[in-house]
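> Can you look at this prediction? I've put the sequence above it.
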Amino acid sequence: AQSVTQLDSQVPVFEEAPVELRCNYSSSVSVYLFWYVQYPNQGLQLLLKYLSGSTLVKGINGFEAEFNKSQTSFHLRKPSVHISDTAEYFCAVKKSSGTYKYIFGTGTRLKVLA
Amino acid sequence: DAGVIQSPRHEVTEMGQEVTLRCKPISGHNSLFWYRQTMMRGLELLIYFNNNVPIDDSGMPEDRFSAKMPNASFSTLKIQPSEPRDSAVYFCASSILAGGYNEQFFGPGTRLTVL
């Protein structure tokens, strides 16, 4: 079975500072990896995804993530955050074949401070 | 495209009452998912449908919960009778399988409060 761990439940950071949100997964089979963002009172929207190929994936709003197979990690980064990035971020994993099912992490609340 | 549509957006009801949540997936999508989000348990998959057929309902917490998808453009999640511990945000998501990958598009959610 697959699982996702987001160790940081909350990450406060000052505006224009860099940020990294951590995600580790476990799986015995090949997986796809995703980051979703949830703004207050909204549904989740896809930020970026890793399916195959280059391990550095760029997404919307200046975010990027790096897939590290040896460390089973998929950390999300942004070099300079804005107040508008304040939201909850979810890492998710899905087997690359045989299922439609996503497994989500518990989420990391990013709070950008002025 | 209007995206995934959920109704109602907010529902407040009393314990013991029946609650029905509704979802209209994106046109052309062939998979539909119901999730529940709480502070304690995060985002949990309740059930998902493919081509209107329930594929995996192992996440449905109890017999009080039931879900239907009578056609490709409509699904319901029913709780009968409701209990205070059912209070949560319920999300519907839809996707289409393309190239071995299905991206899920989420609706805005229904915030359910059971008193």
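Happy to help now that I have it.
> Name the secondary structure element that contains the residue nearest the centre of chain A.
When Cα atoms, centre = their mean is applied to chain A, the residue found nearest the centroid is residue A:35 (3.4 Å). Secondary structure assigned from DSSP states H and E places residue A:35 in strand A:31-38.
> all helices in chain B, in order from the N-terminus.
For chain B, none of the segments meets the definition of helices by DSSP state H.
> Would you mind identifying the helix or strand in it with the lowest mean pLDDT?
Across the helices and strands of chain B, the lowest-confidence element by mean pLDDT, DSSP states H and E is strand B:97-98, at a mean of 70.
> if we can go back for a sec, so how far is the strand holding residue A:35 from its chain's centroid?
The chain centroid and the centroid of strand A:31-38 are separated by 5 Å under Cα atoms, centre = their mean, to the nearest Å.
> Report all helices and strands that it contacts.
Counting contacts by 3 or more Cβ pairs under 8 Å, 6 or more residues apart in numbering or on different chains; DSSP states H and E, strand A:31-38 is packed against strand A:44-50, strand A:64-68, strand A:73-78, strand A:87-95. Heads up, the C-betas are built off the backbone N, CA and C, glycines and all.
> okay, these, which one's buried deepest?
strand A:87-95 (a mean of 23; mean count of other Cβ atoms under 10 Å in any protein chain shown).
> just the angle between the strand holding residue A:35 and strand A:64-68, please?
Between the axes of strand A:31-38 and strand A:64-68, defined by axes from the mean of the first three to the mean of the last three Cα atoms, to 10 degrees, the angle is 150 degrees.
> Can you check what angle separates strand A:31-38 from strand A:87-95?
Using the same axes, to 10 degrees: strand A:31-38 against strand A:87-95 is 160 degrees.
> Paired strands for strand A:31-38, with orientation please.
Sheet pairing for strand A:31-38, assigned by DSSP bridges, gives strand A:44-50 (antiparallel), strand A:87-95 (antiparallel).
> Just grab the bridge partners of residue B:78 for me.
Beta-bridge pairing of residue B:78 under DSSP bridges involves residue B:20, residue B:66.
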